[in-house]
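K.L.:
Output the structure for:
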Amino acid sequence: MNNLFDIRYSPRALSVKKIDDNIIEDIFKVAGSAPSSYNSQPWRFLILNNSDIFYKMVYDSLSDFNKGWARNASNLIVSITRKKYEHNGADYLHSAYDLGQSVAYLTIRALEHNLYIRQMGGFDVQKLTESLNLNSNFEIITILALGYLGDVKDLEEQYQKIEKLPRSRKPLNEILIKDLNNLK
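P.N.:
Residues are numbered from 1 along each chain as shown. The predicted structure is shown next:
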């Protein structure tokens, strides 16, 4: 069976082609439907293109390696989560997990529109948090690059080499365990 999960990958070769606002709205609507503890929906997404006022702050926070390819993406998205529950103020210890589910929904819905997402952890969280003057009840988790597939040939040589490497996943017997003695 060939489905979206089979074709999903995280390309660095993305296109600057503008994404229609209706598509953006659709994929984030689906992201908002992900399950969350107490239906708290702790996720927030700051979506930017290179003409937005905060784009440079986000781009400048990226590692040099990520800057080299991310500039080709149509949009950069800052994924943010709440640190405390809204309904009682208690610590929301697994809000990043709930945000992750929302990003997974976003990723699959984006694929239905022929859009790809590459998630990045290579950025200066403290610098970006300060630059955006983010409320202390929120935490930046990842930055996502969103766009249509671009041409690998448009990437610098170092990225072209990486993009041409075979992609692999761990076999099921490494991720599905039935005995804690086999936990690696």
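K.L.:
all strands of the protein, in order?
P.N.:
43-48, 75-82, 115-120, 138-148 (DSSP state E).
K.L.:
most packed of these?
P.N.:
strand 75-82 (a mean of 23; mean count of other Cβ atoms under 10 Å). Where you see a C-beta, it was placed from the backbone N, CA and C, and this is true even at glycine.
K.L.:
Near A13, how many other residues are there?
P.N.:
Neighbourhood size, A13 [other Cβ atoms under 10 Å]: 20.
K.L.:
swap that for A96, sorry
P.N.:
For A96, using other Cβ under 10 Å, the count is 16.
K.L.:
now the one 10 residues further on
P.N.:
For L106, the count of nearby residues is 25 (other Cβ under 10 Å).
K.L.:
Tell me if I'm right that it and K29 touch.
P.N.:
No: at 9.8 Å, L106 does not count as touching K29 under the criterion of Cβ atoms under 8 Å.
K.L.:
still on that earlier bit, got the strands of the chain as a markdown table, with mean pLDDT and distance to I177 columns?
P.N.:
Shown next, in a markdown table, are the strands of the chain (pLDDT from 0 to 100; distance: least, Cβ to Cβ, whole Å):
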| stretch | mean pLDDT | distance to I177 |
| --- | --- | --- |
| strand 43-48 | 98 | 29 |
| strand 75-82 | 98 | 28 |
| strand 115-120 | 98 | 25 |
| strand 138-148 | 98 | 26 |
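K.L.:
For P11, find the nearest of these.
P.N.:
Using Cβ to Cβ as the measure, strand 115-120 is the one of the strands of the chain that comes nearest P11, at 5.3 Å.
K.L.:
That closest one: partners in the sheet, and parallel or antiparallel?
P.N.:
Partners of strand 115-120 in the sheet, by DSSP bridges, are strand 138-148 (antiparallel).
K.L.:
and the partner strand with strand 43-48, angle?
P.N.:
50 degrees (axes from the mean of the first three to the mean of the last three Cα atoms, to 10 degrees).
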